[in-house]
Structure formats: C-alpha cells, structure tokens
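J.: any chance you could fold what I've pasted below:
(4 chains)
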2 protein chains.
Amino acid sequence: MVMAPTDPGSGRADGGRRYASIKDVAGRAGVSYQTVSKVLNGGGSVAPATFERIQRAAQEVGYVPNVLARGLVTHGTKTLGLIAADPSDHVLGRFVVAAQHEARRLGWATVVANVDPVGSDVSGCVDVLSERRVDGILMAAPQAEGDTELGARLRGRLPVVSLHHIQGLRVPLIGSDHVQTGTLAVNHLIEHGHRVIGVVSGKSGRRVTVARLAGGIQALRAAGLDGSEADRVQEGDWTISGGYAATLRLLERHPDVSALFVHNDYMAIGALRALHERGRRVPGDVAVVGCDDAPPARYTVPALSTVRVPFEDTGRIAMTQLVALVGGEPPPARSTLLPVVLVPRESCGCENRER
Amino acid sequence: MVMAPTDPGSGRADGGRRYASIKDVAGRAGVSYQTVSKVLNGGGSVAPATFERIQRAAQEVGYVPNVLARGLVTHGTKTLGLIAADPSDHVLGRFVVAAQHEARRLGWATVVANVDPVGSDVSGCVDVLSERRVDGILMAAPQAEGDTELGARLRGRLPVVSLHHIQGLRVPLIGSDHVQTGTLAVNHLIEHGHRVIGVVSGKSGRRVTVARLAGGIQALRAAGLDGSEADRVQEGDWTISGGYAATLRLLERHPDVSALFVHNDYMAIGALRALHERGRRVPGDVAVVGCDDAPPARYTVPALSTVRVPFEDTGRIAMTQLVALVGGEPPPARSTLLPVVLVPRESCGCENRER
DNA sequence: TGCAGCTAGGCGAACGTTCGCCTAGGGCGC
DNA sequence: GCGCCCTAGGCGAACGTTCGCCTAGCTGCA
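T.: The predicted model follows:
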C-alpha cells in the first residue's frame, strides 16, 4: 500500500511525466485539496492524524509544489533573478556564487540569466525573468552599462539592485571603490620610484575604467607629477589576450615605461607574457600592479601585486539589499562602496611581502 | 490618450508594482480577454483593425506575458534548467554560455541554478527547478557525481542530459574523451624522451580523473613502460592552489620526475609556480602538459602545452540533445564523446609550435 | 428570398494553487 | 439537558492564461 511506484494511477509510475498535484495528494489521503494546502503550508488547524496522513500521501506520490500556480495567487514567486555577464569572468563568478548563497540563506531561490559576452541581449534577459515574475533583479552585467533600452524595460516594475549604472534609471548601486583602487595601485608604483607609468585600461567608457583611471591620475598629481599620462594608456577588454595585445602596443609606443598599472589581473597575466616576450624583466625592468586579486594572481611568475576587491562581500551585501528592497524597505540613500586593499607581491618590486 | 504612463488606473503608473494582465489589455481594446490571447499568440482569426488595436493596447499598458499562468494550462514552460557547478570554473563557464546560447537560438529560455563549490545542495537545485516546472534539465556539476539522492530526485520525471554520471539513473551523457586526453598528454611526454612522469590528478573518484589516469597508463604501457606510476600521482582539487600544493608534495616524494601530466590547466598554473619556487626550470628540468586549454594557458611563462577540450561544442550539442529529448525524441543510444586535440606550446619542450 | 458557409469574436472550463469564510460536530460549563 | 465555543476541515472564488466550442452576422449563390 505504501509502494507508490507500482500503484496504478498514482501518477508516479516511473517514466510518467505529469507531476502529482495537491488534488492527487488529497485523493490519496481522503481529504479535500484545500486541507492538503493547509498542511503543506503549515496554516490552519488540522488533527495530528490527518496531518500525518497527508504528509505521507504527499511523499508517496512524490509531490513537488507548483511554484507557478502558487505565485499566481500570492503575487510573488519567492524567486530573485540575477542577470550576470559571461560567468567565465572568474571574478564575476565569485560575486554570483556569494549572492546566490546569501539568497538561499535568506530563503529565496535564484535564477540566473547569463548575458553573452557582447551583452547583445540584456533586455532579453530582463524579459525572460519578468515573464517568470521574479520578485526582484540583481544586475551584474557591466557590459549593459551602455544599454539604453534596459532602463525603460525595468522602469519601476521590479526592485533592482545593480553592480553598475543603468541608463535612465535610479537604482541602488553597490560595488567597490574604483577610484581608491586606482590611487592605491599607482601610488604604490610611485613609492617604488617610478615616474613613467603606463596603463592598460579596461574598456573605455565603462565607469570602472573611468574611475580607476581617475584614481591613478589623482595619485600622480598628489605626488607632484603632471598626471598627463593619458597618452600612455592603452585600452584592453578585460581578457588575458586583450591585456597581452594592449601591453605590446604600449611598449611599442612608449618603450620608456618603467611600470604598468593594469586594470584587472587577467589582463595583467597577458601583460606579464607580453613583457616576457619583449625581454623586459618584471619587476626589474618594468613593475606591474593589477586589480581584483583573481586566483591566478598569487601563482604567476612573478607573483602579481594587485588591489584586492571584495567580490564575495559585494555579492552578499547586494543580495541582502535586494531582499530588503523586495520586502518593502526603502532603498539605501547612497551607493554602497566597499573599500579595497593593496596586496603587494613580487611584480611591483616588493620583496615577496605577502602570499 | 496614448500616454499610458499618466493614465490613472492603467496599472502602469511608474513605481506601481502590479503587472498588467491580458484582461487589462482587453478592457483597453474593448474586446474579450480571450481574443487578446488569440492575438498575442497568433492563433484564431481576428480582423486586422482589432489585431492592431489589441497590439497597441498591449504595448501601452506594458503587457508582459505571465509564463507561470501560461504554463499552468499548457503543461510546459518553454524553460530549461541548467544546474551548474561553481561558475568561476572558467571552463564550465564556457560550457554554460554555449549551452544557453544554443537554447535561445532554439527558442528556449534557460534558468541556471548554481551549486556551491562543495556541491552540498544539488538536490536543492533540482527542487528549485522542478518547483518552477522547467521542461528539462542540463546537468553540469561534476561535484554531484557522488550524490545518491540526486538520481531519485530526478527519476523519470524530467528529461535530463548530463555532463557526468548520475548515480542510479541512466541518462544521456555528453562530454569529451577523457581517456584520449590522458593518452595524448602522456604519449607526448614520452615522445620527448621522458620516462619518469608524475601526475597531478583531479579529485580522486571522479570519472574524469579515473579516465585521464587510465589514458596515461595506457600510453605508458604502449611505450613498453610498466605503467605502475600510481605512486607518482598526487591528487589536486582542480584549483590553482590545489595544483600548487600537489606539485610541492610530488616534488618532495619523487624528486626524480622529469615530466608532469596535470589534469587541468588551472592546476598546471599552480604547478608552474611550484616548480619555479623549487628552482626547476620548465621545460628544461621538468616538462609539463595540462588539460582543457583554458584561456591563461597560452599566456603563462612558459606557455602551457595542453590538450584542448571542446567546451563550446559540448555545451551546444548537449543543449541540442536536451531540446530533442524534451520534444519527445528518443534519447541517443550511447554517450556522446567529443574528440580532443593536443596543443603543444612551450612547457612540454616543443619549440613554440603553436600559440 | 432562403440558406449554406465563413468570419470575427465571445464564452466557459480548466490548469494548481491560496485564502477567507462557512459548517458540522463534539466537549464542556452551567 | 441545553447552549456555546472551539476544532477540524470543507467550500467557493480568484489568480492569468489557453483552448475548444459556440454564435451572431455577413456574403454569396441558387
């Protein structure tokens, strides 16, 4: 009698497709389906025996609640959407994992919509999520910064927390202090005595890039240098190969650079390779500082000095804010800026100060 | 009149939360809501004027279809679930992106449930997706290989295609030829004259690991070596730091190794660092071959020789298979094994043969 | 003029839930 | 022994769709 799998008509014959509904459970337990609902959601008052019977019946038919149907009446899906850039960006991956972990801890499910690397379809992702009636969206797709449609698509409808600016929409932002990142990196190079500093930047136009650039210039000015090193900047695309190519260009045009500030560690890996191929020793001939503290950074040869960005914290806090927002709390008054910290290793010329 | 945003009661006042329904559209267009449904889904016969009017009304109120409600009656959500391991594994990220891209091309939406790195909660991910009634699931979480609950949770209910074996469940598998990977790598090292070959393996027990190990032994035997190098294997955990640590252990116990077969490129990066720290030159003192052809591989110093695994193809084909399966086609008779190819660079001792 | 046939669109039911309200019956106090 | 209250559980409606069937009215042909 308990052997549901062989029970004909139970809707659970292996290989059968239809999910058991609350009504199937009710039939098996000999109660109305509404009572089943009560039991499964812990509301109402039910006799212990009935409670037990219903629980067992649910288990026997392999009942899986239908969140879709539930959402229809409750006007909420207890699901949060996460729009993420190419997850192969290690750094964003850490953010995503942390955010999801936090969501689950708070009792929310998450679904991710991944934007392809060029970001051609962020609006499409919003649609996918809206159509599924997620209760809120966490944006983590910097390549969408220039998307003009996105803001309109999101407008007012859904609580949103974002890692990056969204055109035409005021939305709580969260991230790390990119200006400080630039300042710390360049300042450290200056302290090592460098005066001719090249930059391998992120994609031009992006806020991160602009801020890290600005931070660098700020450091130069503070040191009494002119800060007009704008022509010693080469644009990369955040990838290893992009960093490699940008560094080669930079060396070609400015063979005199004695230090490199690279806007992320992946590009810095490419830079190390480019320097190696051009016969420049690091840090002897050229010192290098990256950004992010990506996992490979401490294992390159030489180990990469970098500015550590707290991705896990960012993800966690972003999700906390989103859940609060969905819960009806007012959005934070200002953007949240997490502090960053310099991690000197070998590539800047420090003596292996940290591993 | 067209200015919906200021139209009171349209349900679209900015900041308002409720989505417009098909009935709101109907009211505005002066038809029954069923007719709206017809228009929006292209079925039935409607006068061009009405069609136009409804389309406009839908746009004005900012109608977004409710896939949940639709799914309720159609018994399908046109959504595929993707259970992925830690997306910060670059290599899995590429798989995921390719799979999603293909799904979209075929007209399916995807939602991703990310498993945390330890894989503590794969079953939970299945629940999240089942509760949302996805039409099929693509599994890409090798850390779930040992999960005994997973198979039962999935049993017969949903079409599944997987990257890895699932306990207690016969499911179409897709992946690359791991045995061949091991053979190619070790064989190449043998051709370079190496006889004492150490291995930094993936997590023990995993099928990938077992297969890559087996492939290596096969190559040794074929070369007339005894293949009993099992004690020259150190287990890594697929991460850079894991590879670093395993390599240090290996060097300690077997200082005589002249070559290293490392089960993925990230661990190989760690291995390069470890070798550097122990004063071994690569490839002069120790040759290294990795697996996967991850992006950093061609930019390390020395550039990493590796066996390229076609992740994008795998993702694309896996999704194609899943969609076919969901469409009712019979599952493929055998697992799909994609071929791999050796990419010799510098770390094996070849003269910079490919970049 | 009468009727068949077609077109445009309405109508009711169903999908799987939740939720608030209703009711039958039993226990208990007086 | 009567009435009240509480408990257990039933009932109807609603959520936003789709789908099949029904019907009013027009066209066109004999």
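
J.: who in the stretch 151-300 of chain A is up against chain B?
T.: Within the stretch 151-300 of chain A, the residues that sit near chain B (Cβ under 8 Å from any Cβ of the partner chain) are A:155-157, A:239-241, A:244, A:266, A:269-270, A:272-273, A:276, A:295-296, A:299-300. In this view, the C-beta of every residue, glycine as well, is placed from N, C-alpha and C.

J.: let's see 6 Å
T.: A:Gly156, A:Ile240, A:Ile269, A:Gly270, A:Arg273, A:His276, A:Pro295, A:Pro296, A:Tyr299 (Cβ under 6 Å from any Cβ of the partner chain).

J.: what's the pLDDT at the second one?
T.: Here, the pLDDT recorded for A:Ile240 equals 94.

J.: cool, the third one as well?
T.: On the pLDDT scale, A:Ile269 is placed at 97.

J.: buried ones in whichever strand or helix holds it?
T.: Per DSSP states H and E: A:Ile269 is located in helix A:265-277. Going by neighbour count (16 or more other Cβ atoms under 10 Å in any protein chain shown), the buried part of helix A:265-277 is A:Asp265, A:Tyr266, A:Met267, A:Ala268, A:Ile269, A:Gly270, A:Ala271, A:Leu272, A:Arg273, A:Ala274, A:Leu275, A:His276.

J.: relative to the whole chain's centre, how far out is stretch A:76-93?
T.: Chain-centre distance of stretch A:76-93: 6 Å, with Cα atoms, centre = their mean, to the nearest Å.

J.: picking that back up, quick check, nearest of the residues of the stretch 151-300 of chain A next to chain B to DNA strand D?
T.: DNA strand D lies nearest to A:Gly156 out of these, by Cβ to the nearest atom of the strand, at 16.9 Å.

J.: any idea how far whatever helix or strand A:Glu102 lives in is from the middle of the chain?
T.: Element membership for A:Glu102, per DSSP H and E: helix A:90-105. Centre-to-centre, helix A:90-105 and its host chain are 7 Å apart (Cα atoms, centre = their mean).

J.: helix or strand next in line after it, which one?
T.: Downstream of helix A:90-105 (by DSSP H and E), the next one is strand A:109-114.

J.: what helices and strands are in contact with that next one?
T.: strand A:79-84, helix A:122-131 (3 or more Cβ pairs under 6 Å, 6 or more residues apart in numbering or on different chains; DSSP states H and E).

J.: before we move on, back to that, contacts for the helix holding A:Ile269?
T.: Residues outside helix A:265-277 that contact it (Cβ atoms under 6 Å, 6 or more residues apart in numbering or on different chains) are A:200, A:236, A:240-244, A:247-248, A:260, A:262, A:282, A:286, A:288, A:290, A:292, A:294, A:297, A:300, A:304, A:306, B:296, B:299, B:301.

J.: now stretch A:143-156
T.: Residues contacting stretch A:143-156 (Cβ under 6 Å, 6+ apart): A:85, A:119, A:122-123, A:126, A:160, A:164-169, A:206, B:14-15.

J.: among the residues you listed, which ones are in helices?
T.: A:Val122, A:Ser123, A:Val126 (DSSP state H).

J.: for the first one, which non-adjacent residue is closest in space?
T.: Looking back up the chat, that one is A:Val122. Excluding its sequence neighbours, the residue lying closest to A:Val122 (Cβ to Cβ, 6 or more residues apart in numbering or on different chains) is A:Ala144, at 4.1 Å.

J.: near that neighbour, how many other residues are there?
T.: When neighbours are counted by other Cβ atoms under 10 Å in any protein chain shown, A:Ala144 registers 27.

J.: flag the shaky bits of chain A, pLDDT-wise.
T.: A:1-17, A:87-89, A:117-119, A:227-230, A:352-355 (pLDDT under 70).

J.: most packed of the helices and strands packed on strand A:109-114?
T.: Comparing the helices and strands packed on strand A:109-114 by mean neighbour count (mean count of other Cβ atoms under 10 Å in any protein chain shown), strand A:79-84 ranks first with a mean of 26.

J.: now, which of the ones in helices among the contacts of stretch A:143-156 sits nearest chain B?
T.: Nearest to chain B out of the ones in helices among the contacts of stretch A:143-156 is A:Val126 (Cβ to the nearest Cβ; 9.5 Å).

J.: pull the number of nearby residues for A:His75.
T.: Per other Cβ under 10 Å, the neighbour tally for A:His75 reads 11.

J.: for it, give its distance to B:Ser21.
T.: Distance, A:His75 to B:Ser21, using Cβ to Cβ, to the nearest Å: 11 Å.

J.: likewise A:Gly193?
T.: 68 Å.

J.: same question, A:Val134
T.: Between A:Val134 and B:Ser21 the computed distance is 17 Å (Cβ to Cβ).

J.: more neighbours, the two?
T.: Set A:Val134 next to B:Ser21 and count neighbours by other Cβ under 10 Å: A:Val134 wins out with 28 against 18.

J.: excluding chain neighbours, what is closest to the more buried one?
T.: Leaving aside its chain neighbours, A:Val134 sits nearest to A:Gly81 (3.8 Å; criterion: Cβ to Cβ, 6+ apart).

J.: could I get the helices and strands packed on strand A:109-114 as TSV with distance to DNA strand D?
T.: What follows is these, written out as TSV (distance: least, Cβ to the nearest atom of the strand, whole Å):
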stretch	distance to DNA strand D
strand A:79-84	16
helix A:122-131	9
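
J.: now do the SS call for the nearest residue to A:Ala271 once chain neighbours are set aside.
T.: The spatially closest residue to A:Ala271, leaving aside those adjacent along the chain, is A:Thr247, at 4.2 Å (Cβ to Cβ, 6+ apart). Assigned with DSSP: H, G, I helix; E, B strand; the rest coil, A:Thr247 falls in the helix class.
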